[in-house]
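Chemist: I would like to see how this sequence folds:
(2 chains)
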Protein chains: 2
Amino acid sequence: MFPETATKFLNPSGVPLWRKEFQQKEDSSTSDVFRSPPSSIKVAARDSQAPGCLKPCMISLGAGTPSSAYFPFEEIKVKVSNPPRFAGEVPESTLHLAKYDFEPRVSDYSLDVALNYGQGTGSAQMLRFVTEHTELVHSPPYGDWECCLTVGSTSAWDSTLRIFCEKGDYIIAEEYAFSSALEAALPMGIKVLSVKMDEQGLVPESLDDLLSSWDEGERGARKPFLLYMVPTGQNPTGATQLLERRKAIYAVAQKHDLYIVEDEPYYYLQLPPYTPGESSSHEGNKPCALIPSYLSLDVDGRVLRLDSLSKVLAPGSRTGWVTASQQVVEKFVRMNEVSSQHPSGFSQAILFKLLNHHWGHGGFFQWLEKIQTEYTWRRDTFLDACNKFLPKDIASWNPSRAGMFQWIEIDWRSHPLYKTGANHRTIQQVIFECAMQQKVFLTQGSFFWSDSSTTESRMFFRATYATASQDDLTEAARRFGEALKDQFK
Amino acid sequence: MFPETATKFLNPSGVPLWRKEFQQKEDSSTSDVFRSPPSSIKVAARDSQAPGCLKPCMISLGAGTPSSAYFPFEEIKVKVSNPPRFAGEVPESTLHLAKYDFEPRVSDYSLDVALNYGQGTGSAQMLRFVTEHTELVHSPPYGDWECCLTVGSTSAWDSTLRIFCEKGDYIIAEEYAFSSALEAALPMGIKVLSVKMDEQGLVPESLDDLLSSWDEGERGARKPFLLYMVPTGQNPTGATQLLERRKAIYAVAQKHDLYIVEDEPYYYLQLPPYTPGESSSHEGNKPCALIPSYLSLDVDGRVLRLDSLSKVLAPGSRTGWVTASQQVVEKFVRMNEVSSQHPSGFSQAILFKLLNHHWGHGGFFQWLEKIQTEYTWRRDTFLDACNKFLPKDIASWNPSRAGMFQWIEIDWRSHPLYKTGANHRTIQQVIFECAMQQKVFLTQGSFFWSDSSTTESRMFFRATYATASQDDLTEAARRFGEALKDQFK
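Modeler: Numbering: from 1, shown residues only, chains lettered A, B, ... in the order given. Got it, this is the predicted structure:
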């Protein structure tokens, strides 16, 4: 699953061979990680409290941080799943995060520290882990890239819009896009330029055409400069850009000097090509190689990558990170300081203990491979059932290559109501309600139009295979098939 | 400490006597808590997943939420402090949050739920607890008030600015104010109208004068309408508004139709009046009665209250809440949905288990009273030492009545450099550096000027007694005294 660079630098216990160098940096120089000019109160806090910044015996009456003696949490224990199979056949391990002895010499990250105020980057310990992970998986090809923790990619995208855009600007998005991402932009007075997609997602020629013909006067806005994409397992279409497509889009971005935001919650849910009838043999699934990210192609420093733990560990962790050039990451740190501050200390302590101390990078890779194989059988189960139960003259689909979603096209013009003059929205609603009567819920494709003036030429429904049980995935396809047959008979 | 209304409605196990009614509301009607028009994806998630919203046997392929089978967290145990003394003389309790058996019948809040995506209000369970707490402590005197969880008051204040203000607006703040609060406003192009303070904080006559004489043409901005205050234990001055002061300011707000933001992280750190020489007897301290909040005086629905758990439980929880009228809270929910989403699920599960199941409201009140008495001896210890060691012809102070800070005025015009023409900033820096040489750190008062064009007539240093040990608090005052005597001799 992982590129060679992601594994060849690990020692047997899952620590990068170059860890010592990074650790020295972390220990010796706060200023490498937290750069000026930060908020004045954070500077004061750092001056008064950061280890090594104060002279010996200094007493600080500076920063207004509570004494950890008054935190009523003495100890946290977390029972977690274990590599290599994470299946419970070995006794599950317990992570133990005590108030005063959370391996202070190794990590200097006691529960006292985790539960107090921290820096806008997130804790130095979690920041180190995600930076190492990013280096191992993506090896960004320029020098001054950095990471910063976020309270999740929803918030990171909101911050991105605030950092880059002014009221009246256009951002560029795929023809179908995650509705919440667009709903973050609209209240800021930011408009969306919608670009055509095919089965691999955004079409670079279409992007080039739109930008080459941009007329500021006619549009009443400066030429768009921010391109938002979900390149892997796109929500809602499931489209996944292969390497050549990514290179072509990157070249268009260079031509028009676009800044690329790659929002990649599904990056580790890349699935092997679908082969009908293999869903029952999911134990034998092998993880597939990861398509290189935009970050790994980014020779110019024009990519902001949003990473999330929501789809691979748990959404409730509300912990993710961004990776970009130093000057962009700096903006995120400054914005965090006056908004979310940093992820929950409970989250950070639990995640750090799990990822760094217990699993290590190697164990985390194994976990991601396990998740990949789990989603493979889920997709295969659902598609096997679609093949069996959906009427192929009405419904069609490209098997998803990543993520949680299968996008299903409906030939709505063959619906009986079409001849009576019913429009797209009416027929979509009728099909939706008929499916609900059959007790199956799919999401209407029109929810995801990035341009509400879209010509309503095609109709889709989005199905997720992320949650339902194996039996229910099959039964859901059967019911949806019944609903379609009922409607189109 | 608490008003009679806060305790008379509790049964012996710390549950409000009217809990059943609220619980019924929570169970029976999602729409009372989550109102339209929310983000479309949240509506879809609710339609497809909320208990009771789907017909029996419905299979959802709708919301893209991961299966909790893939969360590698099986169980969390938290060891906590116990009422009534929280002192460890009884065996400390362990909160046990298992994946599938987190008392589902009572709370319907398993770890599976807590670690998945939630609603923009925060979890229904934590929302219920903070709403009950708010009812018990503040009894807001109008009907349609509500609460919404936040990822802390820093973020809630940022959201407030985004909800209420446009670029070019003025907000109203106290003459000295928390620097991060102002630094959130400035990048949005929001300016600050600074109002005079006395030992009780903002002076209502000064506020009235400024607004009565507001000239839109001259100022180039509409009349200010948002008043930001920390009424209790203000940061940095420690000033605390007594009840009559609050009523007078509320009347000015009514006269000029101001909306009041009361940011109250130190509300529960209200301290009895300082009596010299009593710091050694801190075991006998009794909690003092709470000054009524603006929320409790708010007959018009013109108050937004920001509550924080940072100073009373742990900053790293990154969990707080806002209370306001329904129409304002609605805006927060909508903003959360496209930014922070909700507090960490780890945080919410741990806090809910502690506050609701383990302590109950009564136990939480006891904890708050314990924290209050702890801060009382901390302040008393520091002030006893200030009385002993600071030169009273140079340094003066009003004993803090709440919070974490003691504000100390320096008679800078009697500094030897003043005669040589040195300005305020230079002399402040010289004193700061001399204190650093004495190995004591206090924060310069000029950090907190809300209007940078302030006439530099007075000089202050801010000392916090929140963190240093008892011995260090005394030693710090001695060192600062030495630094002052050195400088002013």
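Chemist: and the helices in the stretch 251-400 of chain A?
Modeler: According to DSSP state H, counting those that start in this stretch, the stretch 251-400 of chain A carries its helices in the segments A:294-297, A:326-337, A:345-352, A:360-389.
Chemist: and the stretch 351-489 of chain A, which residues reach chain B?
Modeler: Contacts of the stretch 351-489 of chain A with chain B, taken as C-beta under 8 Å from any C-beta of the partner chain, map to A:354, A:367, A:371, A:374, A:404-405, A:436, A:439-443, A:447, A:463-468, A:472-473, A:475-476, A:479-480. C-beta: built from backbone N, CA, C; applies to glycine.
Chemist: show me how to select, in ChimeraX, the buried members of these.
Modeler: Remark: buried members of these, expressed as a ChimeraX selection using 16 or more other C-beta atoms under 10 Å in any protein chain shown:
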select /A:354,367,371,374,404,405,436,439,440,441,442,443,447,463,464,465,466,467,468,472,473,475,476,479,480
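Chemist: residues contacting stretch A:468-476, please?
Modeler: With contact meaning C-beta atoms under 8 Å, 6 or more residues apart in numbering or on different chains, stretch A:468-476 is reached by A:Trp377, A:Arg378, A:Thr381, A:Phe382, A:Asp384, A:Ala385, A:Val440, A:Ala463, A:Tyr465, B:Ile59, B:Ser60, B:Leu61.
Chemist: any chance of these in JSON lines, plus distance to B:Asp144?
Modeler: Output for the contacts of stretch A:468-476, formatted as JSON lines (distance: C-beta to C-beta, whole Å):
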{"residue": "A:Trp377", "distance to B:Asp144": "49"}
{"residue": "A:Arg378", "distance to B:Asp144": "44"}
{"residue": "A:Thr381", "distance to B:Asp144": "48"}
{"residue": "A:Phe382", "distance to B:Asp144": "45"}
{"residue": "A:Asp384", "distance to B:Asp144": "52"}
{"residue": "A:Ala385", "distance to B:Asp144": "48"}
{"residue": "A:Val440", "distance to B:Asp144": "38"}
{"residue": "A:Ala463", "distance to B:Asp144": "39"}
{"residue": "A:Tyr465", "distance to B:Asp144": "42"}
{"residue": "B:Ile59", "distance to B:Asp144": "38"}
{"residue": "B:Ser60", "distance to B:Asp144": "32"}
{"residue": "B:Leu61", "distance to B:Asp144": "37"}
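Chemist: could you dump those into CSV and include pLDDT?
Modeler: Formatted as CSV, the contacts of stretch A:468-476 follow (pLDDT from 0 to 100):
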residue, pLDDT
A:Trp377, 91
A:Arg378, 92
A:Thr381, 95
A:Phe382, 96
A:Asp384, 96
A:Ala385, 96
A:Val440, 95
A:Ala463, 96
A:Tyr465, 94
B:Ile59, 82
B:Ser60, 82
B:Leu61, 79
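Chemist: state the distance from the closest residue to A:Asp486 other than its chain neighbours to chain B.
Modeler: Residue nearest to A:Asp486 in three dimensions, not counting chain neighbours: A:Cys434, with 6.0 Å by C-beta to C-beta, 6 or more residues apart in numbering or on different chains. Remark: distance between A:Cys434 and chain B (C-beta to the nearest C-beta, to the nearest Å) = 14 Å.
Chemist: give me the element A:Cys434 is part of.
Modeler: Using DSSP states H and E, the element containing A:Cys434 is helix A:424-437.
Chemist: hmm, back to that, tell me which of the helices of the stretch 251-400 of chain A is the most buried.
Modeler: Among the helices of the stretch 251-400 of chain A, ranked by average contacts under mean count of other C-beta atoms under 10 Å in any protein chain shown, first place goes to helix A:345-352 (a mean of 28).
Chemist: for that one, list the C-alpha coordinates in PDB.
Modeler: What follows is helix A:345-352, C-alpha atoms only, in PDB (Å, rounded to 0.1, in the frame of the first residue of the first chain):
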ATOM      1  CA  GLY A 345      -5.800  17.600  25.000                       C
ATOM      2  CA  PHE A 346      -7.700  14.400  25.700                       C
ATOM      3  CA  SER A 347      -7.700  13.700  21.900                       C
ATOM      4  CA  GLN A 348      -4.000  14.500  21.500                       C
ATOM      5  CA  ALA A 349      -2.900  12.500  24.500                       C
ATOM      6  CA  ILE A 350      -4.800   9.500  23.500                       C
ATOM      7  CA  LEU A 351      -3.800   9.700  19.800                       C
ATOM      8  CA  PHE A 352      -0.200  10.300  20.600                       C
END
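Chemist: one step back: just checking, what packs against the helix holding A:Cys434?
Modeler: Packing partners of helix A:424-437 (3 or more C-beta pairs under 8 Å, 6 or more residues apart in numbering or on different chains; DSSP states H and E): helix A:416-419, strand A:443-444, strand A:459-464, helix A:470-488.
Chemist: could you dump the helices of the stretch 251-400 of chain A to CSV with distance to B:Glu205?
Modeler: CSV is the format used below for those (distance: least, C-beta to C-beta, whole Å):
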stretch, distance to B:Glu205
helix A:294-297, 58
helix A:326-337, 35
helix A:345-352, 43
helix A:360-389, 61
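Chemist: tell me which of the ones you listed lies nearest to A:Arg458.
Modeler: Among these, the nearest to A:Arg458 by C-beta to C-beta is helix A:360-389 (18.0 Å).
Chemist: list the helices and strands the closest one packs on?
Modeler: Using 3+ C-beta pairs under 8 Å, 6+ apart, the elements in contact with helix A:360-389 are helix A:4-7, helix A:124-138, strand A:405-410, helix A:470-488.
Chemist: using CSV, lay out the ones you listed together with distance to A:Lys331 and mean pLDDT.
Modeler: Below are the helices and strands packed on helix A:360-389 laid out as CSV (distance: least, C-beta to C-beta, whole Å; pLDDT from 0 to 100):
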stretch, distance to A:Lys331, mean pLDDT
helix A:4-7, 28, 76
helix A:124-138, 16, 94
strand A:405-410, 31, 96
helix A:470-488, 43, 94
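Chemist: mind checking which of those is nearest B:Val80?
Modeler: When the helices and strands packed on helix A:360-389 are compared by C-beta to C-beta, helix A:124-138 sits nearest B:Val80, at 23.8 Å.
Chemist: can you tell if that closest one touches chain B?
Modeler: No - using C-beta under 8 Å from any C-beta, helix A:124-138 stays clear of chain B, coming no nearer than 12.3 Å.
Chemist: what's the following helix or strand after that helix?
Modeler: Later in the chain than helix A:124-138, the nearest helix or strand by DSSP H and E is strand A:145-150.
Chemist: that older thread, including distance to B:Ala395, could the helices and strands packed on helix A:424-437 go into CSV?
Modeler: Listed next are those as CSV, based on distance: least, C-beta to C-beta, whole Å:
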stretch, distance to B:Ala395
helix A:416-419, 84
strand A:443-444, 66
strand A:459-464, 65
helix A:470-488, 72
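Chemist: and those: which comes nearest B:Leu115?
Modeler: Closest to B:Leu115 of these, according to C-beta to C-beta: strand A:459-464, at 18.1 Å.
Chemist: if I look at the residue nearest to A:Asp486, how far off is A:Gly481?
Modeler: Using C-beta to C-beta, to the nearest Å, we find A:Cys434 at a distance of 12 Å from A:Gly481.
Chemist: more neighbours, the two?
Modeler: Set side by side, A:Cys434 and A:Gly481 show more neighbours around A:Gly481, with 20 against 16, by other C-beta atoms under 10 Å in any protein chain shown.
Chemist: that one reaches A:Asp393, doesn't it?
Modeler: No - look at A:Gly481 against A:Asp393 with C-beta atoms under 8 Å: they stay out of range, at 12.0 Å.
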